[in-house]
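1. missing the sequence, but the structure's below:
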């Protein structure tokens, strides 16, 4: 049995959003842990994508390519795979795209979450469920301290509002159908997870800062920077994924109702950084590169400062960040450099190398 997250070994897992950036890394890590992973998602959102270049399909037991709102196909996935654990990552994940198509964003992120939870309800069997939302689910007041799990939900832009709504829906299903105090009746343990700004190899989604950095540096062009002073809780993709795995592992082995709640996963408070620091650090590890200020006062609103408080995960779950900002940027830059050096090779071994090094890294000192 695998030493890390042992309860997930040999489990039947349904992973939504497996063709996306975070979902593709999650599929690789779950397979590495010995889980039997079924993916459910739309086709990969970009070309290239980590799903494609790391050949994620090959590690899956089964795959459904379908809209998360397709209740008939979703029911089929539950019936055919009988999942013991559900990780719900499928989403429209882009703030700027939410301004272009708010209706679709609310449809995928709100109704999609409801569709998954209703499929769990109709399955009528015990399972562990982790719904992944975002740090942007909070009503951002541009405060200097980190948001806690008990703070007010909200959202200025449609994306952020959709993630706040997904959290409300998750809490409603937990209270109405999967109440932790009635676990013997329904057997469903339901938690939600809110992560900071995630970076790492294999993300080519539009309007993402790392996509802009990599595309520009690889082409020898200056990096366009829209919000150079915006402060974000940057973390490597493996950081929040380790949190999702940890809470699922704990719910599989304990009936304590405290696990069935919301959880923040991000860097230590005070370790956040402005966008310009990310660009400068990335350019340094790329061995050269420049950036140019492309801020536009008429651009859609984006938060100026965002911090997460992770005290709950640290105290209750004994979870700690493992990679600092510099290591996070270095690992990300090296991943892309490996890819662009030989784009025809599989990047799965590189992902596995990062996962192995993350697993063996000790927690950072606060």
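-> Sure, I can see it. The model shown is predicted, which means the values in this text are computed figures rather than measured ones.

2. Now do the helices in the stretch 51-200 of the chain.
-> Per DSSP state H, counting those that start in this stretch, the stretch 51-200 of the chain carries helices over the ranges 71-81, 95-100, 102-106, 112-123, 158-176, 183-186.

3. To residue 298, which of those helices lies closest?
-> Nearest of the helices of the stretch 51-200 of the chain to residue 298, taken as C-beta to C-beta: helix 95-100 at 12.3 Å. For every residue, glycine as well, the C-beta is placed using N, CA and C.

4. Not counting its own residues, what contacts the closest one?
-> 92, 105, 136, 157, 158, 159, 160, 162, 206, 207, 300, 302 (C-beta atoms under 8 Å, 6 or more residues apart in numbering).

5. Determine the longest strand present in the protein.
-> Taking DSSP state E as the criterion, the chain has its longest strand at strand 188-195.

6. follow-up on the earlier one: if any of the contacts of helix 95-100 are buried, give me the PyMOL selection for them.
-> The buried subset of the contacts of helix 95-100, as determined by 16 or more other C-beta atoms under 10 Å, is captured in PyMOL by this line:
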select buried, resi 92+105+136+157+158+159+160+162+302
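
7. tell me which of the contacts of helix 95-100 is nearest to residue 253?
-> Closest to residue 253 out of those is residue 136 (31.0 Å), distances taken as C-beta to C-beta.

8. these two touch, right, the closest one and residue 154?
-> No - counting by C-beta atoms under 8 Å, residue 136 stays clear of residue 154, with 9.4 Å between them.

9. Find the residues that touch each one of these two.
-> With C-beta under 8 Å, 6+ apart, residue 136 and residue 154 have common neighbours residue 160.

10. Pairing partners for the least confident helix or strand in the chain by mean pLDDT, with directions?
-> When the helices and strands of the chain are scored by mean pLDDT, DSSP states H and E, strand 291-293 comes last with a mean of 86. In the sheet, strand 291-293 lines up against strand 223-225 (parallel) (DSSP bridges).

11. chain center to the strand it pairs with: distance?
-> Its chain's C-alpha centre and that of strand 223-225 lie 24 Å apart, by C-alpha atoms, centre = their mean, to the nearest Å.

12. pLDDT below threshold where in the stretch 251-366 of the chain?
-> Along the stretch 251-366 of the chain, segments meeting pLDDT under 70 span 301, 303.
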